[in-house]
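# Pasted the sequence and its predicted model underneath.
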Amino acid sequence: MRRSLALKVGTVAAAMAVAVAGIAFSTTGASAQSNAATGYATQNGGTTGGAGGAVVRATTGTQIHAALCNRASTSTPIIIQVEGTINHGNTTAVDGDSCDTAADRIELKGISNVTILGVGSGATFDQLGIHIRDSSNIIIQNVTVKNVKKSGSPTSNGGDAIGMESTVRNVWVDHTTLEASGGESEGYDGLFDLKNDTKYVTLSYSILRNSERGGLVGSSDSDTASSFITYHHNLYQNLNSRMPLLRGGTAHTYNNYFTGIVESGINPRVGAKIKVDNNYFEDSKDPLGTFYTDLMGYWQVSGNTFDNVTWSSPGTDNHPAGPNPTSTTTVSIPYSYSLDNASCVPSIVTATAGANKGLKTSDGSCSVTSPTAGPTTTTPTTDAPTTGNPPTGANLSIGAGADGTSKASGTSYGNVIDGSTSTYWSPSGTTGRVSVKWSSAKTIDTVVIKEASDATGRIGSWQLVNNDTGAVLASGTGAGTISFTATSLTKVNFVITSASGTPKITEFETYA
């Protein structure tokens, strides 16, 4: 019988006080992708996310989806900087050739080379999970995901805060806070689940708390293809089980802080192997072993601290590693890593793990370090467009083609390139994309966006995107003349990311 979730905060609060007293750390978010992937995410070619790609800012789920959909291809690198609360109310599906999105989750499906990074005052995905499927080279960093439900209302992503499935490769989840407010009876599921052939994943410097289920690898005893997972410097607090539940495959867990485990912790089964190094287990039950099955898993242990830990008696479906854990296998780790002594893990992890900690890390000698500079990126301009007379010369949109993501009834993409201000295009809602395209490359440095005077809504924020490369040429607010560095391209996108109502664009002019 599954016991109820026990909430326990005193010990962690005390550890936080010790950490704050001895170590200075920032409470603000990161402003650019920082640090480098660690653990198994460094294998199989490595994990770099959207490094080198355009940097896009998003404050809604719809804008995150739009950023994915307006790339030149499903593999065009992009860093999406997220700030504010992302929820069901501001997340809709967006269509495009480089995405496959959904309205009830942040959908990373069939894509690669993407970073989602919390910035500014922080990014919180509230009751809205992040779903990664058939994708590779993904980084999720410095975000909070909370109270994602699989039953009740609203439901999202099968109830997983972050879930991966179906041929996923090379994902690094770092400095995140994943939390729920109860267990399965309250509608919650796993915080960090990997299924159906997911490999080369690292979860680092993150908090998993206040849920029945931390996370699993493999959805059933026949789903054993997922493997090569690293968990390090994470805080597991007030969880019943699954830290992780590992079916088949190989994993490595080191320098994690486990406190208040109600039923069971690390649970390899069905032949799974896990290396367990220098972790700190406190005030917990059965932190390591094979539980709820006779399909045994195996472990290699060294340097761990067990503080006020209790162990159940062995049985047919219960195989605790303690009270004196010894190794039952050996695990060869292909990457380099530095181990903090287990004695300092509570203070180090409390000071560094979770979102909005300034991406602080450990240096491997029980000290906290600041992040190194991340990859060099080009941030688009944010000035509003100028107004006044349009530029001289030929409008290159005349005779070109046009398309977009959606159009309201009675409107047409072609209306923005017909030279007439009496016709217009509107998206089907308040946001969307309209594009001008040519059969051969054109060099342009100016765009003029004209709005109808009788529109019920006005353009708010927008981005001008080179569809060929995914680069953001400019961004700002309102209609008017937009100038930027001369660029050769075959298609240019005008992406409306917010508006006061349904806008009407009468002309999308382009000039050399």
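Structure's in. What do you need?
# Past the helix-or-strand element of the chain with minimal mean pLDDT, which element shows up next along the chain?
When each helix and strand of the chain is scored by mean pLDDT, DSSP states H and E, helix 10-22 comes last, with a mean of 31. Downstream of helix 10-22, the next assigned helix or strand under DSSP states H and E is strand 54-58.
# What is that next one packed up against?
The contact analysis (3 or more CB pairs under 8 Å, 6 or more residues apart in numbering; DSSP states H and E) places strand 54-58 against helix 61-69, strand 78-86, strand 472-477. C-beta coordinates here come from the backbone N, C-alpha and C atoms, glycine included.
# what's near enough to touch Trp311?
Counting by CB atoms under 8 Å, 6 or more residues apart in numbering, Trp311 makes contact with 285-286, 320, 322-323.
# Regarding the residue nearest to it when sequence neighbours are not counted, which helix or strand does it belong to?
In space, and not counting its chain neighbours, Trp311 is closest to Gly322: 4.1 Å by CB to CB, 6 or more residues apart in numbering. Per DSSP H and E, Gly322 falls between elements, in no helix or strand.
# In contact with Gly322, which residues?
Neighbouring residues of Gly322 by CB under 8 Å, 6+ apart: 286-289, 306, 309, 311.
# From Val276, how far off is it?
Distance of Gly322 to Val276, given as CB to CB, to the nearest Å: 12 Å.
# Identify the contacts common to those two.
Going by CB under 8 Å, 6+ apart, residues that sit against Gly322 and also against Val276 are Leu288.
# Gly414 falls within a helix, correct?
Yes. Membership of Gly414 in a helix is supported by DSSP: H, G, I helix; E, B strand; the rest coil.
# which ones are touching it?
Ala402.
# roughly how far apart are it and Ile398?
Gly414 is 11 Å from Ile398, by CB to CB.
# Please confirm that Cys344 is located within a strand.
No. Looking at Cys344 with three-state DSSP, it is helix, so not inside a strand.
# Not counting sequence-adjacent ones, nearest residue to it?
Nearest residue to Cys344 in three dimensions, chain neighbours excluded: Cys366, at 3.8 Å (CB to CB, 6+ apart).
# Could you confirm the one you found falls within a helix?
No. Counting by three-state DSSP, Cys366 falls outside a helix, being coil.
# so it makes contact with Pro346?
No. Using CB atoms under 8 Å, Cys366 makes no contact with Pro346, being 10.9 Å away.
# Name the residue in the two with the higher neighbour count.
Shown here are Cys366 and Pro346; by other CB atoms under 10 Å, Pro346 has more neighbours (24 against 15).
# and the more buried one, how far is that from Ile106?
As judged by CB to CB, Pro346 and Ile106 stand 32 Å apart.
# which strand residues sit across from the residue nearest the centre of the chain in the sheet?
Against the mean C-alpha coordinate of the chain, by CA atoms, centre = their mean, the closest residue is Ile140 at 3.3 Å. For Ile140, the beta-bridge partners are Ile116, Val173 (DSSP bridges).
# circling back to that earlier point, might you specify the subset of the contacts of Gly322 located within strands?
Per DSSP state E, strands hold the following members of the contacts of Gly322: 289, 306, 309.
# Between these, which sits nearest Thr490?
Thr490 has its nearest neighbour among the ones in strands among the contacts of Gly322 in Gly289, at 59.3 Å by CB to CB.
# From Ser302, how far out is that closest one?
Distance from Gly289 to Ser302, counting by CB to CB: 17 Å.
# So between the two, which is more surrounded?
More crowded of Gly289 and Ser302, by other CB under 10 Å: Gly289, with 23 against 13.
# Which residue is the nearest non-sequential neighbour of that one?
Among residues not flanking Gly289 along the chain, Pro320 sits closest, at 4.0 Å (CB to CB, 6+ apart).
# OK, contacts around that neighbour?
Contacts of Pro320 (CB under 8 Å, 6+ apart): 286, 288-289, 291, 311-312, 314.
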